[in-house]
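1. how would this look folded up:
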Amino acid sequence: MTFEAVFEAYWQRVFRLCMGYVNNNDMAKDLAQETFIKVWQQLPKFRNESSIGTWVFRIASNQCLRQIEKEGKMLKTEIPCDLKDTSHVDIEMEDKIKILYRYISELLEVDRIIISLELEDIRQTEIANIVGISEANVRVKIHRIKRKILQKFKNHE
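-> Residues are numbered from 1 along each chain as shown. Below you'll find the model as predicted:
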């Protein structure tokens, strides 16, 4: 697979993953760019031991974790409207999407990566490989994360 094909296939998903971590549009773009610089540098060494998507998301999550460690804290800002294609979504749903991403940004780092990957329709097996935990543990964590977020929505309304 060429770098251009990888970039085209994964840019938006990596950007949204980074937004789930840092909740800052400019920083998420920077982290996504840094991710693809690493992908470009390391692509010739990719050994197909996992799917290319798993590999790219692992690089992205490592970039985000390094940034969070460097910052010592997570910045919180409004989620930009261009995060999701909301052309077919009404204003109320758009607001709920923004609230959802705010709630995701308040989770622990591992929970953020897990739910962000789940929202990107990444298979739980791949999520387990990216995060480094068992698939059963991923399922339990997803269930608990969804419950936490649902409770926040209930409290918000």
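2. Please give the element, helix or strand, for Q151.
-> Using DSSP states H and E, Q151 falls within helix 135-156.
3. which residues touch that helix?
-> Applying Cβ atoms under 8 Å, 6 or more residues apart in numbering, the contact partners of helix 135-156 are 96, 99-100, 103-104, 107, 110-111, 114-115, 118, 124-125, 127-128, 131, 133. Heads up, the C-betas are built off the backbone N, CA and C, glycines and all.
4. what do you get for stretch 3-12?
-> Stretch 3-12 is contacted from outside by A32, F36, V39, W40, L43, I52, G53, V56, F57, using Cβ under 8 Å, 6+ apart.
5. any idea how far that stretch is from the chain center?
-> The chain centroid and the centroid of stretch 3-12 are separated by 15 Å, computed with Cα atoms, centre = their mean, to the nearest Å.
6. Can you give me the buried ones in that stretch?
-> By neighbour count on 16 or more other Cβ atoms under 10 Å, the buried set for stretch 3-12 is V6, Y10.
7. what number of residues lie near S50?
-> Using other Cβ atoms under 10 Å, S50 has 16 other residues around it.
8. Give the helix, strand or coil label for it.
-> coil (DSSP: H, G, I helix; E, B strand; the rest coil).
9. how near is the residue lying closest to it once chain neighbours are set aside to W55?
-> Leaving aside its sequence neighbours, S50 sits nearest to N129 (Cβ to Cβ, 6 or more residues apart in numbering; 5.8 Å). Using Cβ to Cβ, to the nearest Å, we find N129 at a distance of 9 Å from W55.
10. Equivalent analysis for E34, please.
-> Separation of E34 from W55 (Cβ to Cβ) stands at 15 Å.
11. May I ask which helix or strand of the protein has the lowest mean pLDDT?
-> helix 91-105 (a mean of 79; mean pLDDT, DSSP states H and E).
12. That one vs helix 135-156, what angle?
-> Computed by axes from the mean of the first three to the mean of the last three Cα atoms, to 10 degrees, the angle separating helix 91-105 from helix 135-156 equals 130 degrees.
13. So what's the residue count around E71?
-> Using other Cβ under 10 Å, E71 has 12 neighbouring residues.
14. Excluding chain neighbours, what is closest to the residue nearest the centre of the chain?
-> The residue lying closest to the centre of the chain (Cα atoms, centre = their mean) is L17, at 1.9 Å. The shortest distance from L17 to any residue other than its chain neighbours is 4.8 Å, reached at S116 (Cβ to Cβ, 6+ apart).
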